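**Student:** Sharing a model prediction with you, sequence too.
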Amino acid sequence: MAVSTMSWRPDTCKCVLEQTHNPNPNAPLRDPDDVQKTADDLDPNYGVRFSRVINKCLAHQGVPDEDLYGVIYENPDSEQKRKNKLEGYLLSNATLGLSEMVTDDDNVPTAKYKKGVRYQWSFDENRVLVVNMSGATLNNANKNAIRNHCDTNFGNGKVNIT
């Protein structure tokens, strides 16, 4: 299979990015005789890689193109990781009382939110993740536990629990 590209838009903003997909990670991307080959061309872990910015949303206009993929997706405190990993924490932390274990059609136990509980998220003008758990009341101890988790995993002030 040949190397291909795909454009995608994260669910955290309206940016459009392009990724390169290499179905054979051990194959070089460029012609083997190309003298400008880089170490990345023979990276055995390469399968999907950021290629370029197609379009930036208003919130990310000031982010340099070479940093945008990290800000949105790749960095440990990226917007995608904050949103998705926080939801995983909320679902998996039984002491918060937001979720329950159910068995899916394949008889695999999985956590889901209790009836009426919803994970609502947005980003403010400073790209701080703002989270509200509708249908649930979080006491101060629970909010503090969530904030501490977020500060430890994403950095201070990157998430606001309302």
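**Tutor:** Alright, I've got the coordinates. Residues are numbered from 1 along each chain as shown.

**Student:** per-domain residue ranges of this protein.
**Tutor:** 4-74, 79-161 (automatic domain parsing).

**Student:** Throw those domains into TSV and include mean neighbour count, thanks.
**Tutor:** Yep, even glycine has a C-beta here, placed from its N, CA and C like the rest. As requested, those are exported to TSV (neighbours: other Cβ atoms under 10 Å):
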stretch	mean neighbour count
domain 4-74	14
domain 79-161	14
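
**Student:** Now that we have the ones you listed, can you turn them into CSV and tack on mean pLDDT?
**Tutor:** Converted to CSV, those look like this (pLDDT from 0 to 100):
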stretch, mean pLDDT
domain 4-74, 79
domain 79-161, 95
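
**Student:** Does Trp121 lie in a helix or a strand, and which?
**Tutor:** strand 118-123 (DSSP states H and E).

**Student:** after that strand, next one along is what?
**Tutor:** Next helix or strand after strand 118-123 toward the C-terminus (DSSP H and E): strand 129-134.

**Student:** Check which helices and strands the helix or strand following that following strand sits against.
**Tutor:** Following strand 129-134 in sequence order, the next helix or strand is helix 140-154 (DSSP H and E). Judged by 3 or more Cβ pairs under 8 Å, 6 or more residues apart in numbering; DSSP states H and E, the packing partners of helix 140-154 are helix 79-92, strand 159-161.
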